[in-house]
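S.K.: Following is a predicted model, sequence given first.
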Amino acid sequence: MLPVRARLLSLLVLLLCSFGAMPAQEDAVKKELAKMEGVWRVVRGEEDGKPSSDYLIEHLQWDIKGDQLLFKGIKPLTDRASKLTIKLDPSTTPRCIDLKIEAGSLKGSVLEGVYEWKGNQLRLCLYVASGDRQRPLEFETRPGSNRVLFLLKREKP
């Protein structure tokens with residue numbers, strides 16, 4: 001067993017290391033958010049194991065600035081969730097994303113999901129049922145899974 005002094009020193013080192021990791025985590029989040037900034041279009045989508053409609057793919061636009069996401073182009077969707085706040089955890093595998101709905105009839109709901117970069121494209125899988133939260137850990141949907149999968153490509157400025 002370690003003497004009291006050695007245990008205290010070990011605890012101090014552990015605390016200092018964990019506080020040092022916090023700014024690094026914040027920097028990683030800022031870099032990921034900066035990488036996401038811009039206007040995105042859906043390249044491919046899927047919900048509960050079925051391909052998304054051509055209408056959704058042609059009209060849904062994601063506009064990301066800082067930690068804010070605006071959905072545009074599809075009125076029924078924007079009525080339910082037009083403005084969302086993005087929270088990321090890029091330290092996990094897969095990387096985690098939470099989208100908190102700030103405006104629309106679903107205000108206050110949180111969509112839990114995962115994301116990854118595929119070259120210059122962004123892939124997300126989100127659990128979209130209200131009430132309970134169940135973050136997906138893989139990039140797939142199945143019938144009754146209450147998940148959506150999007151492959152997004154940034155619009156050229």
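M.R.: Right, received. Where do you want to start?
S.K.: Which residues are in contact with the most centrally placed residue in the chain?
M.R.: Centroid check for the chain by C-alpha atoms, centre = their mean gives residue 97 as the closest residue, at 2.5 Å. Residues near residue 97 by C-beta atoms under 8 Å, 6 or more residues apart in numbering: 86-89, 112-115, 124, 126. Glycine gets a C-beta too; all of them are placed from N, C-alpha and C.
S.K.: Could you rerun that using 6 Å?
M.R.: Neighbouring residues of residue 97 by C-beta atoms under 6 Å, 6 or more residues apart in numbering: 88, 113, 115.
S.K.: and it, which of the three is it?
M.R.: strand (DSSP: H, G, I helix; E, B strand; the rest coil).
S.K.: which residues does it form a beta bridge with?
M.R.: residue 88, residue 113 (DSSP bridges).
S.K.: hang on, the earlier thing: for the contacts of residue 97, pick the one with the most neighbours.
M.R.: residue 113 (23 neighbours; other C-beta atoms under 10 Å).
S.K.: ok, it touching residue 122?
M.R.: No. In this structure residue 113 lies outside contact range of residue 122 using C-beta atoms under 6 Å: 11.5 Å.
S.K.: buried ones in stretch 23-33?
M.R.: 29, 32-33 (16 or more other C-beta atoms under 10 Å).
S.K.: which residues are contacting that stretch?
M.R.: Stretch 23-33 is contacted from outside by 67, 88, 90, using C-beta under 6 Å, 6+ apart.
S.K.: residue ranges with poor pLDDT in this structure?
M.R.: 1-22, 131, 157 (pLDDT under 70).
S.K.: Nearest to residue 105, out of the buried residues of stretch 23-33: which one, please.
M.R.: residue 33 (26.3 Å; C-beta to C-beta).
S.K.: Quick check: that closest one is in a strand.
M.R.: No. Secondary structure of residue 33 (three-state DSSP): helix, not part of a strand.
S.K.: Show the residue spans covered by the strands in this structure.
M.R.: Taking DSSP state E to define them, one finds strands in the chain at 38-47, 50-51, 61-65, 68-72, 83-89, 95-103, 110-118, 121-127, 147-154.
S.K.: The closest residue to residue 112 other than its chain neighbours: neighbouring residues, count only.
M.R.: Spatially, and ignoring its direct neighbours in sequence, residue 112 is nearest to residue 135 (3.9 Å; C-beta to C-beta, 6 or more residues apart in numbering). If you count neighbours by other C-beta under 10 Å, residue 135 ends up with 16.
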